[in-house]
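**Q** Task: produce atomic coordinates for the following.
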Amino acid sequence: GQNVADTALFGLMRRSNPGSAVIRSRVDGVTRVFGYSSVPGYPLFVAVGLAVDDVLAPVRHQRVLYLVVGTALTFVIIGLSWFLARETRRRRQRELALLAEERVREQKTLLDATLNNVRHGLLMFDEDGRSVVINKSYVEMYRLSPQVVKPGRTVRELLELRKANGTFAGSVDGYLENQIVDGDIVDRIFELPDGRSI
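**A** Residues are numbered from 1 along each chain as shown. Below is the predicted model:
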């Protein structure tokens with residue numbers, strides 16, 4: 001018994017047949033999608049309305065699902081990108097470190113080759129009095145074992161090794177007191193027990 005003659009839906013039904021429209025109901029305030037048509041041979045209109053929220057619920061649910069999945073995938077991609085960038089940076093640092101080590105090894109090899117091809121015996125000591133360089137000529141000159149004479153030996157230890165193999169005569173302590181002079185150059189000829197002069 002309710003009169004709907006002045007409603008928007010009824011106005012549309014009178015102007016066009018059939019049709020559809022999205023209209024907010026004055027009765028309950030719900031926005032609906034209406035489809036309507038007249039019934040041929042009768043003074044009758046049929047209108048079916050579905051609430052927009054009900055119609056769009058599957059789409060909205062799908063949109064939320066896509067947003068959740070998209071957000072999760074975005075975080076996964078960001079995480080993988082960060083991990084990949086970090087691993088790439090670490091790998092680059094390792095490669096640079098290996099390259100630096102290779103250069104140091106090459107330089108050491110060149111230095112060793114240079115020092116070992118010098119005819120003169122060469123010893124270099126650090127501030128603690130331990131040898132840091134002992135070249136091949138020194139080892140051969142005093143007929144020492146290369147397995148025993150290695151960097152890290154003191155002057156006393158080297159002299160004791162020479163005394164043990166007969167290439168040093170005299171007192172180790174006397175030599176250390178008279179020949180090792182801080183800051184001065186000592187230039188002498190030493191007569192070895194085997195008859196050589198150095």
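**Q** rest of the way, CA atoms for contacts and neighbours
**A** Noted.
**Q** Pull the contacting residues for Leu161.
**A** Leu144 (C-alpha atoms under 8 Å, 6 or more residues apart in numbering).
**Q** From the chain's centroid, how far away is the helix or strand where it lies?
**A** Secondary structure from DSSP states H and E places Leu161 in helix 155-165. In this view, helix 155-165 has its centroid 50 Å away from the chain centroid, taken as C-alpha atoms, centre = their mean, to the nearest Å.
**Q** Return the set of buried residues in the next helix or strand after it.
**A** As assigned by DSSP H and E, the chain's next helix or strand after helix 155-165 is helix 172-179. Using 16 or more other C-alpha atoms under 10 Å as the test for burial, helix 172-179 gives Val172.
**Q** okay, now Leu99: neighbour count?
**A** For Leu99, the neighbour count with other C-alpha atoms under 10 Å is 12.
**Q** The one 3 residues further on now?
**A** Neighbouring residues of Glu102 were enumerated by other C-alpha under 10 Å; the total is 12.
**Q** Just say helix, strand or coil for it.
**A** helix (DSSP: H, G, I helix; E, B strand; the rest coil).
**Q** Leu111: helix or strand, and which one exactly?
**A** helix 52-116.
**Q** was I right about Arg130 contacting Arg156?
**A** No - between Arg130 and Arg156 there is no contact, the gap being 9.8 Å when judged by C-alpha atoms under 8 Å.
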